[in-house]
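In: Build me a model from this:
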Amino acid sequence: MRLTRLYVDAPLASDRLFELPAEPALHVARVLRAREGDAIVLFNGDGREFEAVVDSVRGSRVAVAIRQARSVDRESPLELNLVQCVPRGDRMDWIVQKATELGVARIVPVLSQRSVVRLEGKQAESKAAHWRAVAASACEQCGRNRLPAVDAPRPLVDYLGASAAAGLRLVLDPAAEGGGPVWTAGTAIEIAVGPEGGFTAEESDAMRVTGYAGVALGPRILRAETAAVAAVAWLQTRFGDMISL
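Out: Okay, here's the model as predicted:
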């Protein structure tokens, strides 16, 4: 039987009694209805996972006995970064979730000229915190013991101005022609996905200047959220740890 995995934003150590923070404790007590002696797995993003047993449940307070720690590496050998224009609605939640499951190392939410969504200041930080929680939940499900980095959303031009070209930089472009990307093993790949209406000509020019090469995913026009997941899966299959059948 598969054990429940819980992300805990706190130091963890073997052979100690540990009281869960409020949110995971509430999940264990109210959602899972755990009882004394139930086994769970804890992780905090440092690459290890900890076997634990519920010691006590008192209302919404839960104490667990942490036992053995083990290093379990489920990270992709490919350092893959996703630069994603934030789509409207809750579609970004879905993109963050699926990109995390597929092994993305970093997610950079950006806002372009054609973005419907506008985020700044406290609202941007709040959204970033929400997406980090979505990524943590996805790690609980998929078995990752390291969380992907999730940046606060910012204008695309700000990101392009602040980031230096490192490794292979790609941007999805339905009009792109030519062969597939040429990648050097051991270097990072960054894939950029535009908004619902695509990047403007000025933004496309700026991306070319900063080292992005256009790639297409076939003859069909994909929605932003579909394009992100398809691109990540394609790159992980070609250069990462997904097996091509």
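In: Every contact and neighbour count from this point should use C-alpha atoms.
Out: Will do.
In: residues in contact with the residue nearest in space to the middle of the chain?
Out: Nearest to the centroid of the C-alpha atoms of the chain, with distances taken as C-alpha atoms, centre = their mean, sits T100, at 3.5 Å. Each residue near T100 by C-alpha atoms under 8 Å, 6 or more residues apart in numbering is listed here: A135, A138, C139, L147, P148.
In: Going by neighbour count, list what's buried in the helix or strand hosting it.
Out: For T100, the element it lies in under DSSP states H and E is helix 91-101. By 16 or more other C-alpha atoms under 10 Å, the buried positions in helix 91-101 come out as M92, D93, W94, I95, V96, Q97, K98, A99, T100, E101.
In: what does stretch 18-32 give?
Out: Judged by neighbour count using 16+ other C-alpha under 10 Å, the buried positions of stretch 18-32 are F18, E19, L20, P24, A25, L26, V28, A29.
In: Sort out which of the contacts of T100 are in helices and list them.
Out: Using DSSP state H, A135, A138, C139 are the members of the contacts of T100 that sit in helices.
In: what comes into contact with stretch 190-208?
Out: Contacting residues not belonging to stretch 190-208 are listed as 80-87, 112-115, 157, 160, 167-172, 223-224, 227-228, 231-232 [C-alpha under 8 Å, 6+ apart].
In: what's the span of it, first residue to last?
Out: Start-to-end span of stretch 190-208 (C-alpha to C-alpha, to the nearest Å) is 13 Å.
In: repeat for stretch 156-169
Out: End to end - C-alpha to C-alpha - stretch 156-169 spans 15 Å.
In: mind checking how far that stretch is from the chain centre?
Out: Taking C-alpha atoms, centre = their mean, to the nearest Å, one finds stretch 156-169 lying 19 Å from the centre of the chain it belongs to.
In: which stretches of the chain form strands?
Out: For the chain, applying DSSP state E gives strands covering 4-7, 16-19, 39-43, 48-58, 61-71, 80-85, 106-111, 149-150, 154-155, 168-172, 189-193, 212-215.
In: The fifth one: partners in the sheet, and parallel or antiparallel?
Out: It refers to strand 61-71. strand 16-19 (antiparallel), strand 48-58 (antiparallel) (DSSP bridges).
In: What are the contacting residues of it?
Out: For strand 61-71, the surrounding residues in contact (C-alpha under 8 Å, 6+ apart) are 13-20, 22, 25-26, 28-29, 47-57.
In: so where is this protein shaky, pLDDT-wise?
Out: Counting by pLDDT under 70, the chain has low-confidence residues at 1, 116-117, 165-166, 178-179, 244-245.
In: Kindly report the domain assignment for it.
Out: Under the assignment automatic domain parsing, the domains of the chain span 4-71, 80-239.
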